[in-house]
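Engineer: Give me coordinates for this.
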Amino acid sequence: MNSIKILNILIVSGILIFSSCKDKNDNFVLPSIEEDVELGAQVAEQIENDPDQFPILDETEYPEAYTYLNNLLDYILTSGEVKYKEEFVWDIHIIENDSVLNAFATPGGYLYVYTGLIKYLDQEDDLMGVLGHEVAHSDLKHTTRNIQRQYGINIILQLITGENPSQLEQIAGQIAGTAAGLSFSRAFEEEADERSVEYLANTPYACNGAYSFFQKLLDEGQTGGTPEFLSTHPDPEDRVEDINVKADEIDCDTTPLAPASYEDFKNMLPQ
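Structural biologist: Predicted coordinates for the structure are as follows:
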């Protein structure tokens, strides 16, 4: 995107932002779709340029794994519930680190899943629940709203135009959960959980797939180590209950599809 186009977008959106009312989470109406995508692209570039911290699997070396993961993502994107299905990039990456139970999303639809999380989950429905949760964070602009709330709109504009590379590095780490700050509020987490149920309700998978990760943590007594991407706000027990209540509320199918191919997917990854 050239500098003149970016400047025009910033001028127009700036007028809209500061003349608008607040949303239910006390954040001003957000930057434009184009700005959200551009911010996500800047963060994604920062992540890609830091292979020591974010060792992303090369898609050309692991084409089967990426094809498999993208097919899962397509179920969510074609559910009819993703608001910015066409506008956002929806670009998914696998980060190689078996010791990390994490996934995260940047603005504009850039998604990241750690090999540790993929291997920890028991079935495909579980991963679908996590993907739905992360798609929701991006589609609902939760990350952009967090950045705006913590740093202000001027920082967002600086990040988009590349004027503040040190701040971009810090924020990329915060989004990925490797640095303190930008944790999602209880309202954002609950909203993402609910949207995950709604996404999966229109797929062959168990619509409450997001609950199983929390349930496994509870069963194993690991709630104190719940990763940033599904933070403990609210408590995992409450989230299990709330996700299942939402599934009952919209009367969607909670029967796991649980295809055997999930083990094949795990075996496609570095061992």
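Engineer: The closest residue to Ala179 other than its chain neighbours: which element?
Structural biologist: Closest residue in space to Ala179, ignoring its immediate chain neighbours: Gly173 at 3.6 Å, by C-beta to C-beta, 6 or more residues apart in numbering. For the C-beta atoms, the positions are set from N, CA and C on the backbone; glycine is no exception. Secondary structure from DSSP states H and E places Gly173 in helix 165-175.
Engineer: buried ones in that helix?
Structural biologist: For helix 165-175, the neighbour count (16 or more other C-beta atoms under 10 Å) marks Leu168, Glu169, Gln170, Ile171, Ala172, Gly173, Gln174, Ile175 as buried.
Engineer: Let me know the closest of those to Thr106.
Structural biologist: Proximity of the buried residues of helix 165-175 to Thr106 (C-beta to C-beta) peaks at Ile175, which lies at 5.7 Å.
Engineer: Not counting its neighbours along the chain, what's nearest Lys119?
Structural biologist: Counting by C-beta to C-beta, 6+ apart, Lys266 is the residue found nearest to Lys119 once chain neighbours are left out, at 5.5 Å.
Engineer: Please, which helix or strand holds the one you found?
Structural biologist: helix 261-268.
Engineer: Could you list every helix and strand that that helix packs against?
Structural biologist: Packing partners of helix 261-268 (3 or more C-beta pairs under 8 Å, 6 or more residues apart in numbering; DSSP states H and E): helix 63-77, helix 115-120, helix 124-139.
Engineer: Reformat those as JSON lines; add mean neighbour count, distance to Leu257 and mean pLDDT.
Structural biologist: Formatted as JSON lines, these follow (neighbours: other C-beta atoms under 10 Å; distance: least, C-beta to C-beta, whole Å; pLDDT from 0 to 100):
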{"stretch": "helix 63-77", "mean neighbour count": "17", "distance to Leu257": "10", "mean pLDDT": "98"}
{"stretch": "helix 115-120", "mean neighbour count": "20", "distance to Leu257": "17", "mean pLDDT": "96"}
{"stretch": "helix 124-139", "mean neighbour count": "26", "distance to Leu257": "6", "mean pLDDT": "96"}
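Engineer: Which among those is found nearest to Asn164?
Structural biologist: Closest approach to Asn164 among the helices and strands packed on helix 261-268 is made by helix 124-139 (22.0 Å; C-beta to C-beta).
Engineer: re earlier: is the residue nearest to Lys119 in contact with Leu117, as I believe?
Structural biologist: No. With contact defined as C-beta atoms under 8 Å, Lys266 does not count as touching Leu117 (11.1 Å).
Engineer: What ranges in this structure fall below the confidence cut-off?
Structural biologist: Along the chain, segments meeting pLDDT under 70 span 1-30, 180-181, 222-234.
Engineer: what about the strands in it?
Structural biologist: For the chain, applying DSSP state E gives strands covering 91-95, 103-105, 110-114.
Engineer: winner for burial among the ones you listed?
Structural biologist: Most buried of these by mean neighbour count (mean count of other C-beta atoms under 10 Å) is strand 103-105; its value is a mean of 26.
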